[in-house]
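1. sharing a model prediction with you, sequence too.
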Amino acid sequence: MDLLLHGYLERVYPQAPPAEQARFRRLLDLPDPLLWRYLSGETPVEDAELAELLGKIRSALKARP
């Protein structure tokens, strides 16, 4: 799971607004099984802000060289 988060953390997080950084930290506080289901798309994310953040995380993963 760390590899999935690495692209966002390296490329996007440093320039992200403080509110987005706080959402990322909130995401990391989730239980690993739930976080995995969110990252994999297995479980829909009802929180709109977390859903938007997960989209950015997935985009950063696709943009990895």
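-> Perfect, I can see it now. Numbers count the residues shown, from 1 in each chain.

2. ok, residue 23 to residue 62 distance?
-> In this view, residue 23 and residue 62 are 20 Å apart by Cβ to Cβ, to the nearest Å. All C-beta spots, glycine's among them, are computed from the backbone N, C-alpha and C.

3. now do residue 28
-> Distance from residue 28 to residue 62, by Cβ to Cβ: 21 Å.

4. rewinding a little: residue 23 and residue 62 - which one has more neighbours?
-> The residue with more neighbours, out of residue 23 and residue 62, is residue 23; 19 against 7, by other Cβ atoms under 10 Å.

5. in contact with the spatially closest residue to that one that is not a sequence neighbour, which residues?
-> Residue nearest to residue 23 in three dimensions, not counting chain neighbours: residue 53, with 5.0 Å by Cβ to Cβ, 6 or more residues apart in numbering. Counting by Cβ atoms under 8 Å, 6 or more residues apart in numbering, residue 53 touches 20, 23-24, 27.

6. okay, buried residues for whichever strand or helix holds residue 53 please.
-> Secondary structure from DSSP states H and E places residue 53 in helix 48-62. By 16 or more other Cβ atoms under 10 Å, the buried positions in helix 48-62 come out as 50, 53-54, 56-58, 60.

7. which of the residues you listed lies closest to residue 37?
-> Using Cβ to Cβ, residue 54 is the member of the buried residues of helix 48-62 that lies nearest residue 37, at 10.8 Å.
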